[in-house]
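>>> requesting a structural model of the entry that follows:
(chains A and B)
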Protein chains: 2
Amino acid sequence: MSFIGNVKRLLIGRPIHTKHAHNERLNVPFGLAVFASDALSSVAYATEEVLLVLVLAGSLAAYNTLTPIALVLSLLLVIVAFSYYQTIHAYPDNGGTYIVSTDNLGPLAGQFAGAALLVDYVLTVAVSISAGVQAVISINHGVQPYAVPIACAAVGFLCVMNLRGAKESGLVFAIPTFGFVILVAVLVGRAIFTGLQEPHTAPVLPAGDGLHSMGAFLILRGFTASCTALTGTEAIANGVKAFKSPEAKNASRALIMMVVMLGTMFIGISWAAWHAGIVPKHMSDPTYQTVLAQIAEQEFGRGWFYAAILIATAAILFLAANTAFADFPRLASFIGRDGYLPRQLSSLGDRLVYQNGIIVLAIVSILLIVKFNADPHKLIPLYALGVFVAFTLSQAGMAVHFLKKRKMTVYRHDRELAVGETLDEVAYQKRRRKLAIQMAISIVGAITTFVVACIIVVTKWEERVWIVVIAFALLMLIFRIVKGHYNSLAKSLSLSRADALPEMRSATLLLVPRLHRGILQAIKYAQVTADDCRALHVSLSHEQTAKVKDDWGHFGADMPLVILESPYRSLVSPLTDYIDEMQRVDKNLMVTVIVPQAVPKHWWQGLLHNNAAIQLKLALGSRRNVVVTNVRYFIES
Amino acid sequence: MSFIGNVKRLLIGRPIHTKHAHNERLNVPFGLAVFASDALSSVAYATEEVLLVLVLAGSLAAYNTLTPIALVLSLLLVIVAFSYYQTIHAYPDNGGTYIVSTDNLGPLAGQFAGAALLVDYVLTVAVSISAGVQAVISINHGVQPYAVPIACAAVGFLCVMNLRGAKESGLVFAIPTFGFVILVAVLVGRAIFTGLQEPHTAPVLPAGDGLHSMGAFLILRGFTASCTALTGTEAIANGVKAFKSPEAKNASRALIMMVVMLGTMFIGISWAAWHAGIVPKHMSDPTYQTVLAQIAEQEFGRGWFYAAILIATAAILFLAANTAFADFPRLASFIGRDGYLPRQLSSLGDRLVYQNGIIVLAIVSILLIVKFNADPHKLIPLYALGVFVAFTLSQAGMAVHFLKKRKMTVYRHDRELAVGETLDEVAYQKRRRKLAIQMAISIVGAITTFVVACIIVVTKWEERVWIVVIAFALLMLIFRIVKGHYNSLAKSLSLSRADALPEMRSATLLLVPRLHRGILQAIKYAQVTADDCRALHVSLSHEQTAKVKDDWGHFGADMPLVILESPYRSLVSPLTDYIDEMQRVDKNLMVTVIVPQAVPKHWWQGLLHNNAAIQLKLALGSRRNVVVTNVRYFIES
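So this is what the prediction gives:
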């Protein structure tokens, strides 16, 4: 234990005192850096995902829909952002989709949003880390065979860092985030500048596979592939409280900046890729590059810029994964506090972090990475559904919120009118209208994102979206079971003043397999602690029994020695029979069985001992009126 | 536990009373059936192994050495058998190689023989089961993809049967063993009969691979491949006591019969294969057949005889594996009794079998089968070395035994002569001469098998025999470490009359995280059993602490309540600090910590509780003067 303890301290540091539980407040740029990395980083792979779908048709017509799709997506982004802008102002105290949904739509909707977000956070880690490794592969192909171990190590590193409870320092986030944004801006800028002087290069498309022809369904699939660019948009709304005062204003500024950056980068990259006629390469291709890497090579060659933008990509994706390491444990702790997940997820560890949530997230995302071979193209199709379900619920929640508020405003107004107060009718009408508009925006947002979620389910069903649906269902089931257990537990354990201590008498049995130096401590312990104690020897061989009888006279401390025969060579059943007999006589008798237990110096030596103590623990584990007490002796050699 | 207990009972049956520990005694044919299946079954694959080596040269000259190799092997068999014939008479009480070697050559030689035999038994299971599955594949190729699971299931079945402690019933063994012998006799008889009328068919040899040309080394390798036919020869000598009286005479009869059958079958099959020009097929061949199956098809076509002989082959191989399930646990129990392996291997289970040895054998052989893909051609090269090491040590041991006996005879004779008794000089000389001859036979046997063992190591080194050598070394190391531990344990625990009970005072702490109905039992237990008891509450939240203080007045049973602050939110460290403080005052103070522990109805519910009891067990595990007592409360819902 002390070895494990030392390793733990080395990895995650000394405990932190409760009084240090406070947070650095962030200004707008730093807040943007901390909360936007998830959303902004998705432009690193979103264009590639869309292209991968579009080239399936093998037709130029399909390929040419790339930029329009990016434009539609940006429109969707604006709708979603509007809705979150309202959420920030309505819930400045870290609303978060789970709380907004629970408050306004009831616990079931809240749970559904919670399930969607938990799945989404896990996928954020798996997708971001896998895509980050791909950026590294684009720099050096030698890395390819080690993609899975590198990805797992990155998750492990994030896990340890978050267990240490490193504060989300604005500066650490700002460098890669803004570095990435600036490099992408330079790249897109140059691509547009050179692009406008040259004609569009026709892509060398692979032959269509016949199954996929240019059609509405393919375009829809391309559009749903682009939806991954929207993941992470909710992060700022969930973290309003981390901003400097005035929180809501600063957060909404950061949101607007993020939306502008995200939309511009996505449209720019998509246009640049289309204009250069870039076709995504296959993962198995030994010269694999991401689409972003291809654009960069096209514009700047394989020089320092190429390396810089890919390193920045890997860095911002790593930060994006880190965002999930902040969000998942916090959300899990909320859900745990409400009793839908194990309570351990809500307990702050000695480094003031929700350590269990961090560990669960790391394990599940490593499993996903291993299962899908660190291939983002396999993981991304699973990704967007959770976000859009959460969007829909959050915005539906906001719509209900504004509806309630409007009703309340009308009710108050009418009541005040009834008691004859003088009212500012202009302000009242303005206020009513404003609430109606806000509600309308939320409804539009909810409907839009709901439609997109449906499109995702339909078009990506075959790309394993059913896994996500099953994961939702499973989580909902778990919530239900856990809650049920806690409820019935609380009911059966709740104490009333009418309860009294049970009646109880006590008897002690000391188990003596043979006498040796280690057992003397147990004999003394029995003698000191128990008034009515009998020594018990289960006879497995006659010689041994004779020896025990002989030795007992000398060391037995006047305790009576009972010999039990064991015709079936079992240690356990003669003892349980004996206890049964004792308790048949007195049914309120609590029997304490003292079992001397050898503690070897090294763990493997434990394998060389007949571990009677464990056997007895198991055998007596289901008996209500038996307490097993191990008195240990330590073997030095 | 009770569920596991029920499954255990269902699988392996009710306990058996010690008084039923007796064995059915076997007559010669039944004894032959029980102990010879291992040896006889090896003709199912030995010829194929030799041919696989010989065809590597791609030359007829090499192919034609098949029958001569079989003849040489039979000569070797006779030498080994002679030696065991003597062992049977000299050690009628189940000598066994381990005991013969230990008695005559010392414990180190005994350990080496033990290691060799343990490895050999494991390989017997892996090889026999794999070869049995191949026989089944020869009947129906559809089975091929399921070879590994079928082989593992067969081992599992053997494991369960042996855990049940099914007596080695002669009749059950006789049917497949004699069935196999008779069918092989019919096959070989017909092959000779038809073969003598037709000329030898030249084999269609694959091109030699150049690396292997016809030469002494290749012939030696072919010969070592044939040595697998000798595995199991020692079984009768190890089981003399199982025969009806006169044991030695009956056992030696069975030995002679076995040798004759084994030699004849091996020579016959080899000759038949050679005469029909049979070339072994590759495992990957979709029409894979064993060599025996090819001969059977040649003679009888693919009719009922073909199926019958292959089913008999699978059956006798299954029995051969079963032999190892009798031998391995018994040998492991001998070695464990001598303190070189964990003692648990020597304890008879409630079904009167050495269950731990059976389980270890099953696990290791399943690992081997999975690792080598149930391919006997990969396993067999590992196989013969262990047997020949054991042969060598056993026969060297017998040589020393006869030498000692001869010395004793001479010494007695000389002493009696000195005191002037009248002696039967003729009988004395005859006796001396007989002992000299017996010694000579053993020496010849020891040298021959030693030479063969060396040849095996040299010629099969590249076919992974080094794995076996490493396994020997590892086992020897384990023996040494285990013995060392037991020796020093016995030394440090041995009790002298000068030892006395240690000085000890006792104090009890009752841990109260919060008050609920389940904890009342623990409070009462503390009240009833302990004179000096304090209740302890580690404060993790102020509200909770206030609630505990309030409730304690009502349910506290006049016990003082101590509140410990925990600034680092740890349950454990305030408690350990408190105990440290208590024991600093009185260093002979034994502190009992009573921890109320929730026992949920279903195991998974345990995951929903903060399991403080386990945390405390781990944290206090290394403290000498602390006893942790769990008082459990059962949650019904």
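
>>> verify the contact between A:Leu423 and A:His413 for me.
Yes. At 6.7 Å, A:Leu423 and A:His413 qualify as touching, with contact defined as CB atoms under 8 Å. C-betas here are computed from N, CA, C, even on glycine.

>>> more crowded one of these two?
Counted by other CB atoms under 10 Å in any protein chain shown, A:Leu423 and A:His413 do not tie: A:His413 has more neighbours, with 17 against 12.

>>> now that one. Nearest residue, chain neighbours left out?
Distance criterion CB to CB, 6 or more residues apart in numbering or on different chains; nearest residue to A:His413, sequence neighbours excluded, is A:Tyr428 at 5.4 Å.

>>> how much space between the residue in the stretch 51-200 of chain A that chain B sits nearest to and A:Leu118?
Closest to chain B within the stretch 51-200 of chain A is A:Gly165: 12.4 Å, counting by CB to the nearest CB. Applying CB to CB, to the nearest Å, one obtains 21 Å for the distance of A:Gly165 from A:Leu118.

>>> more neighbours, those two?
Neighbour count, other CB under 10 Å: between A:Gly165 and A:Leu118, A:Leu118 has more, with 26 against 19.

>>> in terms of helices and strands, where is the more buried one?
Element membership for A:Leu118, per DSSP states H and E: helix A:107-139.

>>> so is the lengthiest strand in chain A next to chain B?
When chain A is parsed with DSSP state E, its longest strand is strand A:589-599. Yes. Using CB under 8 Å from any CB of the partner chain, strand A:589-599 reaches chain B at A:Met590, A:Thr592, A:Val599.

>>> got the domain boundaries for chain A?
Structural domains assigned to chain A are A:23-484, A:505-634, following automatic domain parsing.

>>> picking that back up, in the helix holding A:Leu118, what's buried?
Residues A:109-139 are the ones in helix A:107-139 that count as buried (16 or more other CB atoms under 10 Å in any protein chain shown).

>>> can you tell me the SS state at A:Asp93?
For A:Asp93, the assignment made with DSSP: H, G, I helix; E, B strand; the rest coil gives coil.

>>> tell me what angle the next helix or strand after the helix holding A:Leu118 forms with helix A:107-139.
As assigned by DSSP H and E, the chain's next helix or strand after helix A:107-139 is helix A:147-164. With axes from the mean of the first three to the mean of the last three CA atoms, to 10 degrees defining the directions, helix A:147-164 sits at 130 degrees from helix A:107-139.

>>> what helices or strands is helix A:147-164 leaning on?
helix A:2-12, helix A:107-139, helix A:304-337, helix A:355-371 (3 or more CB pairs under 8 Å, 6 or more residues apart in numbering or on different chains; DSSP states H and E).

>>> and these as TSV, adding distance to B:Phe82?
As requested, those are exported to TSV (distance: least, CB to CB, whole Å):
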stretch	distance to B:Phe82
helix A:2-12	58
helix A:107-139	68
helix A:304-337	74
helix A:355-371	59
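
>>> out of these, flag the one nearest A:Val291.
Closest approach to A:Val291 among those is made by helix A:107-139 (9.8 Å; CB to CB).

>>> mind listing the helices in the stretch 351-500 of chain A by residue range?
Here the stretch 351-500 of chain A has its helices, by DSSP state H, counting those that start in this stretch, at A:355-371, A:376-379, A:384-418, A:425-460, A:465-493.

>>> number of nearby residues for the residue nearest to A:Thr65 when sequence neighbours are not counted?
Nearest non-adjacent residue to A:Thr65, counting by CB to CB, 6+ apart: A:Ile219, 5.6 Å away. When counting by other CB under 10 Å, one arrives at 20 neighbours for A:Ile219.
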